[in-house]
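1. sequence plus the predicted model coming up.
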Amino acid sequence: MLKKVLITAIFFAGFSLSTFAQDFGYIGVDKCSMCHKSEKQGEQLKIWKASKHANAFKTLQSDKAKEIASKMGIADASKAKECLVCHASGYNVDAKLLDAKFSVEDGVQCETCHGPGSEYKSMKVMKSREESVKNGLKVWNNEEEIKKMCVTCHNEKSPTYKGFDFAKNYNEIKHNIPKN
């Protein structure tokens, strides 16, 4: 039992947004948006674009980020692993696993939370939840699981952390497919 607890603790302590199974490739928000922008799909792209996640990478290029990075001894926040871990998808992935149109500069995008989409992106696979999950899609079963994911970045390790109100913040980014 202790071994299982330790393994679980190590998993969550070492978990980062970009460390899903590395045998799946990242396709990028543009390809996800092809199917996830309609009203029928809950306008997920629109919700993401209006979120801070969409601009997470850009914040690393701001004067404030440069000031914070300098105080931390970091030359360039937009290239530093300790910043990118929470501000970008795919920054630490072998280039062979990145689609030609994938861009780290798109920040915290779909695959950050849902896993690399190369193997579940097709309509044929996406029509089956089971097949999608088998092919890399991360499905969150409840808000407690989602919160655990969120706090891998929204925590005291961030130099700008001012607390995290999960209920409020989750409502700003929640993008479920509407039930008919």
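-> That came through fine. Note that the structure is a prediction, hence the values are computed from the model and not measured.

2. in the chain, what residue spans correspond to helices?
-> 2-14, 29-33, 44-49, 56-59, 63-71, 81-87, 110-114, 123-126, 129-134, 143-150, 166-173 (DSSP state H).

3. quick one, phi psi at P116?
-> With angles defined as degrees, to the nearest 10, P116 sits at phi -60, psi 130.

4. burial count for it?
-> Other residues lying near P116 total 30 when counted by other Cβ atoms under 10 Å. Glycine gets a C-beta too; all of them are placed from N, C-alpha and C.

5. if I pick it, what's in contact with it?
-> By Cβ atoms under 8 Å, 6 or more residues apart in numbering, the residues touching P116 are 20-21, 24-27, 90, 93, 97, 136.

6. try 7 Å this time
-> 20, 24-26, 136 (Cβ atoms under 7 Å, 6 or more residues apart in numbering).

7. ok, so of those residues, who is nearest Y170?
-> Using Cβ to Cβ, F20 is the member of the contacts of P116 that lies nearest Y170, at 20.3 Å.

8. pLDDT wise, what is the closest one at?
-> Turning to F20, the model gives it a pLDDT of 50.

9. look up how far P159 lies from the spatially most central residue of the chain.
-> Geometric centre of the chain, nearest residue: T112, 2.1 Å, by Cα atoms, centre = their mean. To P159, T112 is 20 Å away according to Cβ to Cβ, to the nearest Å.
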